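>>> The following comprises the amino acid sequence and a computationally predicted model.
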Amino acid sequence: MNSEKSHLLINTTLLLIQLTFLFIVKYINQELSFNNFSFSKIGNIFNLLIYFGIISGMYLSVKRKKNDINRKSIFIYIIITWCLLIISFVSTKVKIISDNFYIFNQPGDKILTGILFTIFLLSLFYFFISLWYRILSKNKPSFIKNMYSIVLMLIIFLVFIFIYIDNFNYSSDKWKLSRNEQNIVVVLGAAVWTGNIPSPTLSSRIDKAIDLFKKGFAKTIVLTGGKAPGEMSESEVAYEYAKIKGIDTSRIIIEKFTSSTTEQIDWIKNNLLANRKSEGKIIIVSDGYHLPRVIEISKFFNIDVKVAESDHKLNFKDKLYTEIRESIALFLFWNFAL
């Protein structure tokens, strides 16, 4: 019995160290100090619950004397999850895929890292399900049943996020904007079409920023977004569009090196908010389906922002596609800060 408790303590310690390492990796992924860590973040709470479920399952299996859950199997599970987490982390530091390789307008390296971290998470799900299935059932679960449960678990999480995105409310007082010349409107980059033409998504975001500018909600517009393959940068295309609309270009700032939402939020923190003493707010303009992730990333970076939704409308098919894509992106950010 003492031997059983000793192994349980070792396995628990390994899992708690792994959880701590996962938390650290998330902040390293965004080049943030771990001083920014908080258990109140949704992703951190989710990670904590998964590990709590696994550890409590181990203790309960010992208490109920579930002999079919042997120490060797649990230790192997833990080693596998450790290996997958380390491989995933290494993929963020080592360039494996060419910079010119894109999938769904995303760099191939980022897609690969996302896949590796997802495999790691699925291994935790498998660990969790295997433990609890054996605790709650007299029958030993088959590999197929476990995989079916994992897929079902993943779908439930994604559906929850999809509903969250689709029903997010920007009309509450929390997001109410006030007129202030010290406010800064930040337009997040979007696709540029062939011939350096702003896509409807990008032009609608610029139009919203111009509307806020003209109505006195801000007197400075920041256009963000780096260079797409073969085109001008998103911010440069946005600048030309805004100039055609008659905006005083001296009130426009261009940022043309970021290529993702997290990079743009990081740029806002380190360039617009660092040492800023004015009482003005940062107003981030994007599409409604994108803003929930913008808000969650901003919370992760510990910055307080306001948001404004563009008037761009999608048909049902495009809306469904973008909200599914955003659900996956938000799921990955909550879990791994990718």
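In hand now; what should we look at?
>>> from here on, contacts and neighbour counts on C-alpha atoms
OK.
>>> Kindly provide the distance from residue 32 to residue 25.
10 Å (CA to CA, to the nearest Å).
>>> what do you get for residue 38?
According to CA to CA, residue 38 and residue 25 sit 14 Å apart.
>>> again, but for residue 332
Remark: distance between residue 332 and residue 25 (CA to CA) = 13 Å.
>>> who has more neighbours, the two?
The residue with more neighbours, out of residue 332 and residue 25, is residue 25; 21 against 18, by other CA atoms under 10 Å.
>>> which residue sits closest to that one, ignoring its sequence neighbours?
Distances taken as CA to CA, 6 or more residues apart in numbering place residue 89 nearest to residue 25, at 7.0 Å, with adjacent residues excluded.
>>> Tell me how many other residues crowd that neighbour.
Neighbourhood size, residue 89 [other CA under 10 Å]: 20.
>>> got it, and residue 265?
24.
>>> got a list of what it touches?
Applying CA atoms under 8 Å, 6 or more residues apart in numbering to residue 265 gives the contacts 294, 297, 298, 301.
>>> Can you give the distance from the helix or strand that contains it to the centre of its chain?
In this assignment (DSSP states H and E), residue 265 forms part of helix 261-267. Its chain's average C-alpha position is 11 Å from that of helix 261-267, according to CA atoms, centre = their mean, to the nearest Å.
>>> Now do the buried residues in it.
261, 262, 263, 264, 265, 266, 267 (16 or more other CA atoms under 10 Å).
>>> after it, next one along is what?
That would be, after helix 261-267 and using DSSP H and E, strand 282-286.
>>> Now do that following strand: everything it contacts.
183-188, 205, 208-209, 304-310.
>>> confidence score at residue 253?
Note on residue 253: pLDDT of 96.
>>> Now it: closest residue in space, sequence neighbours ignored.
residue 222 is the one closest to residue 253 (CA to CA, 6+ apart), at 4.6 Å.
>>> tell me the contacts of residue 224?
Shown in contact with residue 224 (CA under 8 Å, 6+ apart): 186, 187, 188, 189, 234, 235, 254, 255, 256, 257, 258, 264.
>>> ok, it to residue 209 distance?
Residue 224 is 12 Å from residue 209, where distance means CA to CA.
>>> tell me, what's touching these two both at once?
Joint contacts of residue 224 and residue 209 (CA under 8 Å, 6+ apart) are 186, 187.
>>> residue ranges with poor pLDDT in the chain?
Residue ranges of the chain with pLDDT under 70: 1-2, 65-69, 98-100, 102-106, 228-230.
>>> Could you pull out the helices in the stretch 151-300 of the chain for me?
Ranges of helices within the stretch 151-300 of the chain are 200-214, 234-244, 261-267, 291-300, based on DSSP state H, counting those that start in this stretch.
>>> List just the nearest of the buried residues of helix 261-267 to residue 17.
Distance to residue 17, by CA to CA, is smallest for residue 262 among the buried residues of helix 261-267, at 26.6 Å.
>>> Now the closest one: closest residue in space, sequence neighbours ignored.
In space, and not counting its chain neighbours, residue 262 is closest to residue 297: 6.6 Å by CA to CA, 6+ apart.
>>> go on, residue 60?
residue 135 (7.6 Å).
>>> Check which helix or strand the one you found maps to.
Going by DSSP H and E, residue 135 is in helix 108-136.
>>> buried stuff in that helix?
For helix 108-136, using 16+ other CA under 10 Å, the buried residues are 108-110, 112-114, 116-135.
>>> I'd like to know which elements that helix is packed against.
Applying 3 or more CA pairs under 8 Å, 6 or more residues apart in numbering; DSSP states H and E, one finds that helix 108-136 contacts helix 42-63, helix 71-91, helix 143-166, helix 316-336.
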